[in-house]
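Enquirer: Need the 3D shape of this:
(2 chains)
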There are 2 protein chains.
Amino acid sequence: MPDLIFTPLSGIPLIKPDDDLGGLVASAVKSAGLWLQDSDVLVVAQKVISKAENRFVRLRDVTPSPRAMELAQVTGKDPRLVEVILWDTAEVIRARQYVLIVAHHLGFICANAGVDHSNVGPEDDLVLRLPADPDASARRLRARLQQLTGAAPGVIINDSHGRPWREGTVGMAIGLAGLTPVQDLRGCPDLYGYHLQHTTVGFADQIAAGASLVMGQADEGLPVVLVRGLTCSPAEDISAHQILRPPETDLFR
Amino acid sequence: MPDLIFTPLSGIPLIKPDDDLGGLVASAVKSAGLWLQDSDVLVVAQKVISKAENRFVRLRDVTPSPRAMELAQVTGKDPRLVEVILWDTAEVIRARQYVLIVAHHLGFICANAGVDHSNVGPEDDLVLRLPADPDASARRLRARLQQLTGAAPGVIINDSHGRPWREGTVGMAIGLAGLTPVQDLRGCPDLYGYHLQHTTVGFADQIAAGASLVMGQADEGLPVVLVRGLTCSPAEDISAHQILRPPETDLFR
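Expert: Numbering: from 1, shown residues only, chains lettered A, B, ... in the order given. So this is what the prediction gives:
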């Protein structure tokens, strides 16, 4: 097993709407003295995808609904911010002082529907929504990189989410292209020939978590991490939705 | 930010009770042409710690209690295995056909209280419990490495657990020494000078998850991973318990 190397790409500028993210990533890889390979995985912070896709909202343009007003009262949040959160919310899970945890339309559960106020820009008035379709964003970035470099690496869009039971946010895959989201070990023999009881491994989430270690949270200067040394075969027809447990089969809930 | 490198150490033999794990790890690091540094983190699979600490149980020596018999009926598991699981169980969370999810005495929630039947040995009759005190195991290993090499790296004992909401097991820290389990970013300014809303990062869990990518599940030949390139200051008086959310403050539950 070779070393597994997470290389944060320096030289990615602050991303603006309609930037050619693929072009910027390809240049940053080249500046690092590296060449993209099909077996590489690129982990990209959700925030730069959202910025490139212009998912900004100006709070001054938002009129809060009665439901947003009510939740703003409970949480102490800006009612216009709550309104934006509700745009992306399938179900409110918890609303308390300072806390608004929801099931996102994309299927996962997170604070504030991922709508973010930090690292967004110099204007206090701007917030940023998650990409509308992170799997599609990953596929587009992968296709653009292939066009530019000839290589089609795996792409993971990651975001840091809180978790039940355990403290601290961890990087998770909210969109992906070109790699298996969940590895199935069913039927693989263990070292002594028995069949494994652990059936599936959260492959993409583990990659996203490792990459988050070098992305940092406060520093948006390193939003793209090149991961080299994984043993993974390229996969098609995959989606980060495959990582989401259907509630009816979620025995850990 | 330098590269973050996960090096799986080859040359760790199958571990037997009372093996000098620190000595074997130190030799394996040396064989890899590396020297341990205080800033390194070693991630060690729970299973080799349990084996070195002789946490084996022979099922033929176990007499199931009535409660174990009852849960064996529900889950379809061997009543003697269920009895061993109950030794380490604070609370049964879910019991269904093939499934027994519990709160472990160590505080976390996992399937079968981490009692494992796979990769344990050639005898069908042997199962392996988690280390009795994984933080203490990590501290002992760290002290032994310091004795042998002069360096005191961080040590994480990891195990792969299932999660609510998301498919696939991921590596998590169940014991640690010499590094911060959860990083506190409260008060750190973001790129534009705002204060971050994400307050804490699951630092040790992210390291454990990344290391699991190179440990594999079925292959126990690579149970120790050297992690180099992290920015972390050595920490004392820490415990993996600090990663566990108190249920009363767990808004994600």
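
Enquirer: can you tell if stretch A:93-113 touches chain B?
Expert: Yes - counting by Cβ under 8 Å from any Cβ of the partner chain, contacts between stretch A:93-113 and chain B involve A:93-94, A:96, A:99, A:101, A:108-109, A:112. Placement of C-beta: from N, CA and C, glycine included.

Enquirer: pLDDT averaged over the host helix or strand of residue A:83 - what is it?
Expert: Using DSSP states H and E, the element containing residue A:83 is helix A:79-87. Averaging pLDDT along helix A:79-87 yields 97.

Enquirer: Show me what that helix packs onto, helices and strands only.
Expert: helix A:66-75, strand A:99-104 (3 or more Cβ pairs under 8 Å, 6 or more residues apart in numbering or on different chains; DSSP states H and E).

Enquirer: what's the angle from the very next helix or strand once past that helix to helix A:79-87?
Expert: Per DSSP H and E, the first helix or strand lying C-terminal to helix A:79-87 is strand A:89-96. Using axes from the mean of the first three to the mean of the last three Cα atoms, to 10 degrees, the direction of strand A:89-96 lies 130 degrees away from that of helix A:79-87.

Enquirer: residues making contact with strand A:89-96?
Expert: A:71, A:74-75, A:100-105, A:107, A:109, A:113, B:251-252 (Cβ atoms under 8 Å, 6 or more residues apart in numbering or on different chains).

Enquirer: again, only using 7 Å
Expert: A:71, A:74-75, A:101-105, A:109, A:113, B:251 (Cβ atoms under 7 Å, 6 or more residues apart in numbering or on different chains).

Enquirer: CA atoms of it as CSV?
Expert: Extracted in CSV, the C-alpha atoms of strand A:89-96 (Å, rounded to 0.1, in the frame of the first residue of the first chain):
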residue,chain,number,x,y,z
THR,A,89,-35.2,23.1,3.9
ALA,A,90,-37.3,20.0,3.5
GLU,A,91,-38.0,19.8,7.3
VAL,A,92,-37.0,21.7,10.4
ILE,A,93,-35.4,19.2,12.8
ARG,A,94,-34.5,21.5,15.8
ALA,A,95,-35.1,25.1,16.4
ARG,A,96,-33.7,26.6,19.7
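
Enquirer: Give me the distance from it to the chain's centre.
Expert: Once both centres are worked out by Cα atoms, centre = their mean, to the nearest Å, strand A:89-96 turns out to sit 20 Å from its chain's centre.

Enquirer: Likewise for stretch A:87-99?
Expert: With Cα atoms, centre = their mean, you get 19 Å for stretch A:87-99.

Enquirer: got it, and stretch A:71-87?
Expert: The answer for stretch A:71-87 is 23 Å, by Cα atoms, centre = their mean.

Enquirer: So which bits of that stretch are buried?
Expert: For stretch A:71-87, a neighbour-count test (16 or more other Cβ atoms under 10 Å in any protein chain shown) marks A:71-72, A:75, A:77-86 as buried.

Enquirer: need the next SSE after the helix-or-strand element of chain A with minimal mean pLDDT, C-terminal direction.
Expert: Across the helices and strands of chain A, mean confidence by mean pLDDT, DSSP states H and E is lowest for strand A:183-184: a mean of 86. Counting by DSSP H and E, the element after strand A:183-184 in chain order, helix or strand, is strand A:200-201.

Enquirer: Name the spans of chain A whose pLDDT lies under the cut-off.
Expert: A:118-123, A:186-198, A:216-221, A:233-234, A:251-253 (pLDDT under 70).

Enquirer: tell me the domain boundaries of it?
Expert: A:5-54+A:131-243, A:56-128 (automatic domain parsing).

Enquirer: Please convert these to a markdown table, extending it with distance to residue B:10.
Expert: Listed next are the domains of chain A as a markdown table, based on distance: least, Cβ to Cβ, whole Å:
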| stretch | distance to residue B:10 |
| --- | --- |
| domain A:5-54+A:131-243 | 14 |
| domain A:56-128 | 37 |
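
Enquirer: hey, which of these is tucked in deepest?
Expert: Mean neighbours per residue, mean count of other Cβ atoms under 10 Å in any protein chain shown, is largest over the domains of chain A for domain A:5-54+A:131-243, with a mean of 20.

Enquirer: So what's the gap between that domain and the chain middle?
Expert: The chain centre lies 8 Å from the centre of domain A:5-54+A:131-243; the measure is Cα atoms, centre = their mean.

Enquirer: Show me what the helix holding residue A:83 is in contact with.
Expert: In contact with helix A:79-87 (Cβ under 7 Å, 6+ apart) are residues A:57, A:59, A:62, A:64-65, A:67-69, A:71-72, A:75, A:100, A:102, A:112-113, A:115, A:127, A:129.

Enquirer: one more time with 10 Å, if that's ok
Expert: A:57-75, A:77-78, A:89, A:92, A:95, A:100, A:102, A:104-105, A:111-115, A:117, A:125, A:127-129 (Cβ atoms under 10 Å, 6 or more residues apart in numbering or on different chains).

Enquirer: Extract the CA atoms of that helix and return them as CSV.
Expert: C-alpha atoms of helix A:79-87 as CSV (Å, rounded to 0.1, in the frame of the first residue of the first chain):
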residue,chain,number,x,y,z
PRO,A,79,-35.4,36.6,9.9
ARG,A,80,-34.1,37.2,6.4
LEU,A,81,-31.3,34.6,6.9
VAL,A,82,-33.9,32.2,8.3
GLU,A,83,-36.0,32.8,5.1
VAL,A,84,-33.0,31.8,2.9
ILE,A,85,-32.4,28.7,5.1
LEU,A,86,-36.1,27.7,4.6
TRP,A,87,-35.7,27.9,0.8
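
Enquirer: just to revisit the earlier point, quick one: the least confident helix or strand of chain A near chain B?
Expert: Yes - Strand A:183-184 comes into contact with chain B (Cβ under 10 Å from any Cβ of the partner chain), by way of A:183-184.

Enquirer: ok, and what's touching that strand?
Expert: Taking Cβ under 10 Å, 6+ apart as the rule, strand A:183-184 contacts A:199-204, A:206, A:231-232, B:167-169, B:217.

Enquirer: so can I have JSON lines of these showing distance to residue B:159?
Expert: As requested, the contacts of strand A:183-184 are arranged in JSON lines below (distance: Cβ to Cβ, whole Å):
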{"residue": "A:199", "distance to residue B:159": "16"}
{"residue": "A:200", "distance to residue B:159": "16"}
{"residue": "A:201", "distance to residue B:159": "13"}
{"residue": "A:202", "distance to residue B:159": "14"}
{"residue": "A:203", "distance to residue B:159": "17"}
{"residue": "A:204", "distance to residue B:159": "20"}
{"residue": "A:206", "distance to residue B:159": "13"}
{"residue": "A:231", "distance to residue B:159": "21"}
{"residue": "A:232", "distance to residue B:159": "22"}
{"residue": "B:167", "distance to residue B:159": "18"}
{"residue": "B:168", "distance to residue B:159": "14"}
{"residue": "B:169", "distance to residue B:159": "9"}
{"residue": "B:217", "distance to residue B:159": "11"}
